[in-house]
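Colleague: Predicted model, plus sequence, below.
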Amino acid sequence: MAEKYTKDELIGKLDQPGWRAVSDGHPPSDGTLREAAEAAHARRAKGPSRLEEIETRIEVGLIQLEDLWHHLGLPV
């Protein structure tokens with residue numbers, strides 16, 4: 001399995017395509033890391049989501065996802 005990214009690496013990848021938000025009961029949402037993080041944020045009241053980098057299959061952990069929401073100015 002590939003290594004995980006640091007918070008700074010993820011912030012640097014926010015506008016790069018190739019990411020997917022996956023959560024139960026919703027179709028996957030593909031796009032940039034920013035779009036995937038925002039989709040996961042919109043769904044958070046209905047359950048947890050995970051973010052995957054499509055090409056490498058690297059997953060963003062919940063703590064890292066909350067760090068991205070904070071960086072994007074979204075309520076945590």
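Modeller: Received, thanks.

Colleague: Report the mean confidence score over the helix or strand hosting Ala36.
Modeller: Assessed by DSSP states H and E, Ala36 sits inside helix 33-43. Helix 33-43 carries an average pLDDT of 95.

Colleague: Send me whatever helix or strand comes next after that helix as CSV with only the CA atoms.
Modeller: Counting by DSSP H and E, the next helix or strand C-terminal to helix 33-43 is strand 49-53. The C-alpha trace of strand 49-53 is given here as CSV (Å, rounded to 0.1, in the frame of the first residue of the first chain):
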residue,chain,number,x,y,z
SER,A,49,-16.8,9.6,3.9
ARG,A,50,-13.4,8.6,2.7
LEU,A,51,-11.2,10.3,0.1
GLU,A,52,-9.1,8.3,-2.3
GLU,A,53,-6.5,9.4,-4.8
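
Colleague: what's downstream of strand 49-53, the next helix or strand?
Modeller: Strand 49-53 is succeeded, C-terminally, by strand 59-60 (DSSP H and E).

Colleague: that older thread, mind listing what's buried in the helix holding Ala36?
Modeller: Across helix 33-43, burial judged by 16 or more other Cβ atoms under 10 Å covers Leu33, Arg34, Glu35, Ala36, Ala37, Glu38, Ala39, Ala40, His41, Arg43. (C-beta placed from N, C-alpha, C; glycine too.)
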